[in-house]
Structure formats: C-alpha cells, structure tokens
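S.K.: Provided below for reference: sequence and predicted model.
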Amino acid sequence: MEPMKLLAVCPRFHHASELIGRRWTGPILYVLLKSGCRFAAIRAAIPDITDRMLSDRLQELEAEGIVVRTVIPEAPVRVEYALTKKGRELTAAINAIGRWAEKWVDVPKAGAGHRRGKDRESRA
C-alpha cells in the first residue's frame, strides 16, 4: 500500500486564516458587517476588548485593505471605520462561522471554563 501524500497548505490560505483567526478580529468584522461605526461603538459591542487591542486590530485590518478609516473633519473630529469591498467579501464566511457556532459552540458559564468531552454528535 502506498503512503498517503499530504498536501502543503497554500500560503495565501495560511496568511488569510492567520489574519482572520487572530484574537478579536472575528468580532470586529462581525460588528463592521452590520454597519460602519466609530471606535467607541465597536468597543462597546465587544465585551472585554481593550482600547489598545481594538486599535491594533483595526490598524492591521486597514493595512490589509479590509477596513477603511475615514476622518470626518468636524468639531470635534470624527473617525469612522467601515469594511472595504475586500472586507465585505468576508460576509459569507463570517455568517457561516456564526451558523456553525450556533449549532456547535456552547458559551461557558461564568467561571466554568470550556466544556470538554460533551457529545456533540447528538446535535447533528
């Protein structure tokens, strides 16, 4: 019997999964898929994210061309974040993750940690 050949991971897929899979990126994209908004609104929608982490993730997503930062010259200056066309192309993927999570992911009770070993086959 011939040994099974493994396929190498595509470098583009690897980069995309690393980018999208970073902590807090999914929730940020989820919020921005609903509508463009200001920094404080994004922070308020995502429990436990720090200002620093939100700022870092928004800068990374902007550098990748997924998020656009728009400065509105008012008094005081207003900054809004929105998804670019490239970012909106993630809609189907984010929605698919949401559907998967609704079916398969339990939210741990406060202080309980993750539930391991639960038979999820019964949900199929």
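M.R.: Perfect, thanks for sending it. Just so it is clear, the model here is predicted, and its values are computed rather than measured. Residues are numbered from 1 along each chain as shown.
S.K.: please enumerate the strands of the chain.
M.R.: Assigned by DSSP state E, the chain shows strands spanning 37-38, 67-72, 78-83.
S.K.: now these as TSV including mean pLDDT, distance to N95 and mean neighbour count?
M.R.: Any C-beta I mention is one placed from the backbone N, CA and C, and that applies to glycine too. Formatted as TSV, these follow (pLDDT from 0 to 100; distance: least, Cβ to Cβ, whole Å; neighbours: other Cβ atoms under 10 Å):
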stretch	mean pLDDT	distance to N95	mean neighbour count
strand 37-38	96	19	14
strand 67-72	96	18	14
strand 78-83	96	14	16
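S.K.: which of the ones you listed sits closest to A45?
M.R.: Between A45 and these, the tightest spacing by Cβ to Cβ is seen for strand 37-38, at 8.1 Å.
S.K.: can you list the strands that the closest one pairs with?
M.R.: strand 78-83 (antiparallel) (DSSP bridges).
S.K.: got a list of contacts for the partner strand?
M.R.: Strand 78-83 has contacts (Cβ atoms under 8 Å, 6 or more residues apart in numbering) with 29, 32-33, 35-39, 42, 58, 66-72, 90.
S.K.: coming back round to it: tabulate the strands of the chain in JSON lines, adding columns for distance to M4.
M.R.: Shown next, in JSON lines, are those (distance: least, Cβ to Cβ, whole Å):
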{"stretch": "strand 37-38", "distance to M4": "48"}
{"stretch": "strand 67-72", "distance to M4": "40"}
{"stretch": "strand 78-83", "distance to M4": "40"}
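S.K.: low-confidence regions, this structure specifically.
M.R.: 1, 111-124 (pLDDT under 70).
S.K.: point to the residue nearest the middle of it.
M.R.: Residue closest to the average C-alpha location in the chain (Cα atoms, centre = their mean): G26, at 1.0 Å.
S.K.: tell me the contacts of that one?
M.R.: 20, 94, 97.
S.K.: re the thing from before, who wins for proximity to W104 among the strands of the chain?
M.R.: strand 78-83 (26.0 Å).
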